[in-house]
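> I would like to see how this sequence folds:
(one chain, ligands or ions: 1)
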Amino acid sequence: MTIRKVLRMGDERLWQRSAPVSHFGTPELHELLADMRDTMQAMNGAGLAAPQIGVGLRVVIFGVQHNSRYPDAESVPETVLINPLIIPVGNEIEEDWEGCLSVPGLRGMVPRHAHIRYQGQDEYGALIDRTVSGFHARVVQHECDHLDGILYPMRIRDMAKFGYNEELFPGQEIHDE
Ligand code: NI
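The predicted structure is shown next:
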């Protein structure tokens with residue numbers, strides 16, 4: 001288990017479309033997930049996608065316990081999601097602030113589907129099928145975007161709502177996610 005270097009915006013590997021996983025329960029997949037968990041915990045993140053550590057596979061992890069970092073956010077279960085599919089439920093779009101471990105020190109206001117159904121597999125190939133809203137839906141959309149080479153700044157509509165944490169939220173302690 002290793003804390004891996006998180007690639008930052010500008011590294012061309014973050015712009016690439018990742019490949020599906022076809023073998024589940026393998027030592028290689030378990031090792032990748034162990035590294036992703038260690039890295040996400042070390043950086044206090046809410047989620048991490050495999051391409052952020054330079055692995056071009058359709059694997060994301062996410063999870064948030066209710067804590068002081070996200071005082072307004074509902075908790076999101078610790079999840080391994082492989083080969084995900086996102087289906088919007090309804091047409092409602094919500095805007096809210098996002099950060100990213102690959103874009104450290106910054107925040108942006110990003111539109112996302114308010115309600116989604118997502119499907120995929122866990123590390124053993126078992127099916128996952130959930131319908132979620134709000135912060136949970138936002139985290140899933142953000143992480144799955146990484147698998148298609150999309151970073152959240154590409155979705156910002158108003159560039160006045162993109163900037164450094166200290167300027168946007170003076171006096172607040174804000175962490176990257
Ligand atoms: Ni991110």
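> parallel or antiparallel, which strands does the longest strand anywhere in the chain pair with?
The longest strand of the chain (DSSP state E) is strand 76-88. Using DSSP bridges, the strands paired with strand 76-88 are strand 59-64 (antiparallel), strand 115-121 (antiparallel).
> out of those, deepest packed?
strand 59-64 (a mean of 23; mean count of other CB atoms under 10 Å). For the C-beta atoms, the positions are set from N, CA and C on the backbone; glycine is no exception.
> distance of the residue of the chain positioned farthest from its centre from residue 103?
Centroid-distance maximum for the chain: residue 171 at 25.8 Å, with CA atoms, centre = their mean. Residue 171 sits at a distance of 22 Å from residue 103 (criterion: CB to CB, to the nearest Å).
> for residue 147, same thing?
17 Å.
> give me the most central residue, the protein.
Note on the chain: the residue nearest the mean C-alpha position is residue 143, at 2.7 Å, using CA atoms, centre = their mean.
> so what's the residue nearest to residue 130 when sequence neighbours are not counted up against?
Computed as CB to CB, 6 or more residues apart in numbering, the closest residue to residue 130 that is not its neighbour in sequence is residue 118, at 5.8 Å. Contact analysis of residue 118 by CB atoms under 8 Å, 6 or more residues apart in numbering lists 81, 84, 85, 86, 87, 128, 129, 130, 132, 140, 144.
> for stretch 144-163, what is the average pLDDT?
Mean pLDDT, stretch 144-163: 98.
> in that stretch, what's buried?
Neighbour counts over stretch 144-163 (16 or more other CB atoms under 10 Å) mark 144, 145, 146, 147, 149, 150, 151, 152, 155, 156, 162 as buried.
> what of stretch 93-106?
So, applying 16+ other CB under 10 Å, buried residues of stretch 93-106: 95, 97, 98, 99, 100, 101, 102, 103, 106.
> next up, the contacts around residue 56.
13, 16, 18, 19, 50.
> so where's the protein shaky on pLDDT?
Along the chain, the model assigns pLDDT under 70 to residues 67-73, 174-177.
> having no further points to raise, I will conclude here.
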